[in-house]
Structure formats: C-alpha cells, structure tokens
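1. how would this look folded up:
(chains A and B)
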There are 2 protein chains.
Amino acid sequence: MIRIAVDGMGGDYAPKVVCEGVLKALRQNPGLFEVILTGPQEVLTSALGQAPELGTVLKIHHSPELVAMDESPAEVLKTKRNSSLVECVGLQKAGLAHASVSAGNSGAMMAACLMILGRVGTISRPAIACNIPLRSRKVVLLDCGANVDEKPVQLLHHGICGSVYAKYVLGVESPRVGLLNIGEEEKKGPESIQETFQLLKNSNLNFIGNVEGRDILKGETDVIVTPGYTGNVILKLMEGFYEMHQSLFGNIDTENGRWFTKDWNYSNTGGAMLLGLSGTGIITHGRADAMAIAGAIWAAYQMAYSNLYQKIATQLEGHS
Amino acid sequence: MIRIAVDGMGGDYAPKVVCEGVLKALRQNPGLFEVILTGPQEVLTSALGQAPELGTVLKIHHSPELVAMDESPAEVLKTKRNSSLVECVGLQKAGLAHASVSAGNSGAMMAACLMILGRVGTISRPAIACNIPLRSRKVVLLDCGANVDEKPVQLLHHGICGSVYAKYVLGVESPRVGLLNIGEEEKKGPESIQETFQLLKNSNLNFIGNVEGRDILKGETDVIVTPGYTGNVILKLMEGFYEMHQSLFGNIDTENGRWFTKDWNYSNTGGAMLLGLSGTGIITHGRADAMAIAGAIWAAYQMAYSNLYQKIATQLEGHS
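-> The predicted model follows:
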C-alpha cells in the first residue's frame, strides 16, 4: 500500500484545510493509499474531529515544531528537525512513506527534499515541474524556479525528467519535448539554449525542436524546457492572466468558463512536482484549498505508484 | 513639420492595408506630420487611388525592390539597398524623414536601423520595447527579443531607455522601473540579474526593485526590464493567451470585453519600438491592420516629436 506523508501544518489555512483535503483524497480513492499527517498530535486530532479514517488509513505522526512561511530554508533544516515539514520528508527517507506533500514554506520544502532525499542518479539538480492546464490536455513546464544559471546538461536532464513524467503520469506514449526559444531556428537564442538544442537533438527523447511563447498554450508540445528564471516568470504571469480575467469578467457561466475558473485558478491546482529527487516531493501553493490538497495527494500517489523517480534514474543513465 | 517614412510594401497585407493605415493616421491628426511612403511608384499610386493627400502631406519615394518576410537580414542589407524597407530607413539617415515604420521582415528592419542609423550615445545594444496594455495604463516591457546573453550594463541601459520612453511618450512623471526576477529579495535570481539589481539601485532611475511575473499585469510598475529571451517569451505568451481567450469566449460584449478584444489583439497594437538607436524606428506586426499601422505612425510621431533618442542619449551619459 502506498503511504503519503502530508505536512499537516503547511500553508495559509492549515491545519483545517489540509485535513479536509486529506479526507477528500482518501474518500475519493478508497483502498489506493494511506496518509500520514505530520504536526502536533493534539492540534491535528482536534482538526480531524470524528473522521472515521483516523487510526486506519489515516495516521498522525507527532511533530511538535512549526515552520513559518518566511523562515530561511537553511535555518529550518538546522533548527527544526522536529517540524511538521521536515518530518514529512523524513518519514519518506525512513521508508515509512513513499511521497511527501507540503503547502508550507516552499524554499524549506525544496531544501528538505534535496538534503534528506538527495538527487536521483546522475542528475545535477532537480527541477520544479508544473502542469499548464489546456482545454484538452496538460503540458509540463520545467524548470519553474528551482534553478538559475543552468548549464545545458541540466536543461537536458530536466527534459528527461519532464518526458518520463509525461509518459508515466500523464499517460502520453511518446511525449513531445520542446525547447523554449525566441525563434524556431537552431541558431537562435542564448548560447546555453543553442547548446541545449544540440544535446536534446542527440538524446533519445522525442525532441520536436524550439518552441516559442505563443506555442505554450497550443497543445502541440507535451514538455517544455526552459531555464528556471523564465519558467518562474511564465508560471506567475499565468497567475496574473487568471487574476486579470477574473477582475475583467468574473466567473463566466459556460462550459469553457467553468473550466477556466477551476483549472486556471492557481490556488486550486495540484502543485509543483520536484523532479530529479531520489523520492517523491510535491509543493502545493500556500493558498491551496482542500481540492488542491487532494489533487496534490493524488499527484503524489501517481508519482509514487509509477516508481517515477526510479524510471527517471533509468532514463538518465547514458545522458550525463 | 515631422516627416515619417513608412515602408509601403511591408507586411502581409501591403500595400493596401499600409496605405489605408497611412491615410487614417493623416486624417486623424491633420497638420501634425507628413508621410513618405516607400515602394514602387506605380504600385503605391494605384493603391492610394484618388487620395487628396497625395502630393501634399503624403509623398511617394520610389523604391523598386521588395524584401520577403523570410529573407536573411544580412542579405537584404547587402543586396536590397533600393528596397522599400531599406529606403524607409535611408530617408531618415539622409535627413528627409524623422522616423521609420515597417510591418515587413522584422529582422531586416532591426538590422537596417542598426546599420544605417547606428546606436545612440554610449549604449551597447538597442532593445525592442513593447507596451503591455493594462486597463488603465501601459507598461513598457523590454527587451522583447533584440538581444540574448545580455551583460548587466546592457540591462541597465535598457532600463534607462524604457524610463525615458515612459516619461516623454507615455507621460509618466517619474516612471517606476522594476527588474523582473523570481523573487523580491536582492539576492534572488541569475547572477547577471543580481548584478543588474545593483546597477539599477545605484542609477538615478526610480528603481522599485525586483518584480515577479505576477506583477507584470498589476500596473504598479511602469517599466519592466528583463533579458530578450524572457521578454520575447512573455510577449508571445500574451499573444497565446489572447488566442486561447478568444477561442474559449469569443468577443465578450461588455466594456471590459471590447477593451480586451481590441487592446490585447496583437495585430491591432502599435508595434515594437526600437530604443537605443540614433533615430526612430518602429517594427509593426506583419499581420497589422490599418488601425495598427496608424497606431504605429502615431507612436513614431510621438517619439520623433519628443526628440526621444536625444533624451535617451542625455540620460545615458554617466551610466556607461
């Protein structure tokens, strides 16, 4: 049975909304996974109330300390070993859980995953991958801000991570990998992007060449590779689009409108996947609601169930 | 009297739509400027028909050759000196016009402006600046793809160009200049962005610090500085968002909807300003309609009338 550790005290609305999300995930998918909530025993017990899952498919791992949203990641790792966030990752390292999910301090969660779980295979640095919601499919964008000043080989590795994710989690048979650039031609763009083009072209990925900003929302690419600086700007600009749309038009009551209001609302989305770890880590938006928490747990289950990180390790072999 | 040279044969719908745009601009702004259209005399005369402006505020400069949208810029400069595009810039160099506008091959227009007009003052490289349309104001984004692998001092220069543009063309008293980054803190982001932060902080610009992707559409910044790779992706992602929005919702018949349909339609927008030239150049979208051509001519008039490039030269002094 897959066991997922969830930081019960992470995010702006913890523990209440986290507990609601956990119960939602367990009830929607009975028999598929169990959840271990980390946090102060008493606080979590009170937040869960009379939930019948408690003690069977839902357990509490007592972790008395709390991590604030603005604490320095290095400080958290040094001084808060018994926090709900660090323990949530520690349970995975100890073999008691298969995945870790937190809506808390994202820098601290990234650092905890990196330091406690470590990197997978020959990868230089993990990436943050996010799903961009299109009407008929999802597109994996990475890196969304875990790295800066990446070397071409790192971008190649991120392309491999994204491709394996799209294949085994999104179910795309042969994921089309595009390199984000300012034009279609090989010789366009920054030097590191031109070098990455050659690495991707000579890899065994289904590399479809350069794609442009306009192509991100077109659905002709399954995985889009770009440096963390640009990926982060894209992700946050999409949040800005959503906010602008809502302030201009509000909720539009058509099928497309309901889809947009739900899928483009970044506090509803499942979260950022850390790809390239020796394990499974997901960072959810601090403002995540119960549905988003449930979505992140489901994504963690899919990643853990498909042994995603071992598959990434296999793909990385020979691409160092 | 300000004279604006317009490439009569540039863009997907030339010469018809260019001529319509020129006449629209002249009729909307009588007495402010004259236009010189470049292209084959006979073709342009026929396209203009019985326009009463011809021979008074509208003149034709015969340029027999044409530049295709996919010709190499270097080749165009070498072999097509008598083309409508190159002559459109040449008239400015010869002192016969104050600004040049083309909806043609954008790489060739950029190269022609750079080679024929040259750079202004101590600037290292010009930038492509675009106006991002917000509901109540415009935000200047640069660079939108003229450069790659910029050094920090180039990004500082682009911040100066954008600030001078916002002040003298958009009429913002003390433009707020933001540096696009993945977080607010000084120590965030790529090394070159961190170095740029220090240069901007020590400049005499109204530097408000790092801004994130989410802030682009918020209207709390007047000028946003980012490398050309990222700026180009942003600009094209905005086009992609517009296309997605139109396909999901069509034209929305409210005040906000009419604004969005008009101002976010990239074939309607005025075009990309080349800032940092020793002169005035504007590249309009190849699919520009008559309104967009008229808008680009108006923008060129504003830039020429305000002596923008000399003002940029003055600001650049002491910032090399």
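2. contacting residues for the residue nearest in space to the middle of chain A?
-> The residue lying closest to the centre of chain A (Cα atoms, centre = their mean) is residue A:273, at 1.7 Å. With contact taken as Cβ atoms under 8 Å, 6 or more residues apart in numbering or on different chains, residue A:273 is in contact with A:128, A:129, A:130, A:165, A:281, A:282, A:299, A:303. (Each C-beta comes from the backbone N, C-alpha and C, glycine too.)
3. Out of the residues you listed, the closest to chain B would be?
-> Ranked by distance to chain B (Cβ to the nearest Cβ), those are led by residue A:128 at 10.6 Å.
4. Mind listing the residues bridging to the closest one?
-> residue A:274 (DSSP bridges).
5. doesn't residue A:234 fall inside a strand?
-> No - checked against DSSP: H, G, I helix; E, B strand; the rest coil, residue A:234 lies outside a strand; its state is helix.
6. Just to check, it is in contact with residue B:212?
-> No - the criterion here is Cβ atoms under 8 Å, and residue A:234 misses it with residue B:212 at 11.3 Å.
7. Closest one to residue B:249 out of the contacts of residue A:273, please.
-> residue A:130 (23.9 Å; Cβ to Cβ).
8. what's the spacing between the closest one and residue A:274?
-> Residue A:130 sits 11 Å away from residue A:274, taking Cβ to Cβ, to the nearest Å as the criterion.
9. Which secondary structure elements does the helix or strand where residue A:139 lies sit against?
-> Taking DSSP states H and E as the criterion, residue A:139 maps to strand A:138-142. Counting contacts by 3 or more Cβ pairs under 8 Å, 6 or more residues apart in numbering or on different chains; DSSP states H and E, strand A:138-142 packs against strand A:127-133, helix A:152-168, strand A:223-225, helix A:228-249.
10. Return the distance of the last one from the chain's centre.
-> Per Cα atoms, centre = their mean, to the nearest Å, the displacement of helix A:228-249 from the mean C-alpha position of its chain is 17 Å.
11. now the helices and strands packed on strand A:138-142 as CSV including mean pLDDT and mean neighbour count?
-> Output for those, formatted as CSV (pLDDT from 0 to 100; neighbours: other Cβ atoms under 10 Å in any protein chain shown):
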stretch, mean pLDDT, mean neighbour count
strand A:127-133, 95, 24
helix A:152-168, 97, 25
strand A:223-225, 98, 28
helix A:228-249, 96, 22
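12. Looking at these, spot the one closest to residue A:293.
-> Across the helices and strands packed on strand A:138-142, closest to residue A:293 is strand A:127-133 (Cβ to Cβ), at 15.9 Å.
13. you'd agree residue A:22 is up against residue A:37?
-> Yes - between residue A:22 and residue A:37 there is a contact at 6.3 Å, judged by Cβ under 8 Å.
14. what sits in contact with each of the two?
-> Joint contacts of residue A:22 and residue A:37 (Cβ under 8 Å, 6+ apart) are A:6, A:8, A:58.
15. Rebuild those residues as CSV, extending it with secondary structure and neighbour count.
-> Converted to CSV, these look like this (DSSP: H, G, I helix; E, B strand; the rest coil; neighbours: other Cβ atoms under 10 Å in any protein chain shown):
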residue, secondary structure, neighbour count
A:6, strand, 33
A:8, coil, 32
A:58, strand, 21
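16. any idea which of those residues is closest to residue A:173?
-> For these, the nearest to residue A:173 is residue A:6 (31.7 Å; Cβ to Cβ).
17. so who does that closest one touch?
-> Per Cβ under 8 Å, 6+ apart, neighbours of residue A:6: A:18, A:22, A:35, A:36, A:37, A:38, A:88, A:100, A:101, A:102, A:293, A:297.
18. Let's see that with 7 Å instead.
-> A:18, A:22, A:35, A:37, A:88, A:101, A:297 (Cβ atoms under 7 Å, 6 or more residues apart in numbering or on different chains).
19. Format these as a markdown table; extra columns: secondary structure and distance to chain B.
-> Below are these laid out as a markdown table (DSSP: H, G, I helix; E, B strand; the rest coil; distance: Cβ to the nearest Cβ, whole Å):
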| residue | secondary structure | distance to chain B |
| --- | --- | --- |
| A:18 | helix | 24 |
| A:22 | helix | 28 |
| A:35 | strand | 31 |
| A:37 | strand | 29 |
| A:88 | helix | 23 |
| A:101 | strand | 23 |
| A:297 | helix | 26 |
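20. For the stretch 1-150 of chain A, which segments are assigned as strands?
-> A:2-7, A:33-39, A:58-62, A:99-102, A:127-133, A:138-142 (DSSP state E, counting those that start in this stretch).
21. now the strand holding residue A:139: mean pLDDT?
-> In this model, strand A:138-142 carries a mean pLDDT of 96.
22. and it with helix A:228-249, angle?
-> Inter-element angle recorded for strand A:138-142 and helix A:228-249: 140 degrees (by axes from the mean of the first three to the mean of the last three Cα atoms, to 10 degrees).
23. So for strand A:138-142, what gets flagged as buried?
-> Residues of strand A:138-142 classed as buried: A:138, A:139, A:140, A:141, A:142 (neighbour count, 16 or more other Cβ atoms under 10 Å in any protein chain shown).
24. So which bits of chain A are right by chain B?
-> A:145, A:148-149, A:180, A:182, A:189-191, A:212-214, A:216-218, A:228-230, A:232-237, A:239-241, A:244, A:248-249, A:252, A:256, A:260 (Cβ under 7 Å from any Cβ of the partner chain).
25. want to throw the helices and strands packed on strand A:138-142 into a markdown table with distance to residue A:94?
-> Output for these, formatted as a markdown table (distance: least, Cβ to Cβ, whole Å):
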| stretch | distance to residue A:94 |
| --- | --- |
| strand A:127-133 | 25 |
| helix A:152-168 | 25 |
| strand A:223-225 | 32 |
| helix A:228-249 | 30 |
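26. mind listing what the closest residue to chain B within the stretch 1-150 of chain A touches?
-> Ranked by Cβ to the nearest Cβ, the top residue of the stretch 1-150 of chain A for proximity to chain B is residue A:148, at 4.4 Å. Residues counted as contacts of residue A:148 (Cβ under 7 Å, 6+ apart) are A:228, A:229, B:189, B:190.
27. coming back round to it: out of the helices and strands packed on strand A:138-142, which is closest to residue A:205?
-> Nearest of the helices and strands packed on strand A:138-142 (Cβ to Cβ): helix A:152-168, 5.3 Å.
28. pLDDT below threshold where in chain A?
-> A:270, A:320 (pLDDT under 70).
29. Please, where are all the helices along it?
-> Counting by DSSP state H, the segments of chain A that form helices are A:16-28, A:41-48, A:73-79, A:84-93, A:106-112, A:152-168, A:191-201, A:228-249, A:255-263, A:290-305, A:308-316.
30. what helices or strands is the fifth one leaning on?
-> If I follow you right, that is helix A:106-112. helix A:73-79, helix A:84-93, strand A:281-283 (3 or more Cβ pairs under 7 Å, 6 or more residues apart in numbering or on different chains; DSSP states H and E).
31. mind giving me CSV with those and columns for mean neighbour count?
-> Below are the helices and strands packed on helix A:106-112 laid out as CSV (neighbours: other Cβ atoms under 10 Å in any protein chain shown):
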stretch, mean neighbour count
helix A:73-79, 15
helix A:84-93, 26
strand A:281-283, 28
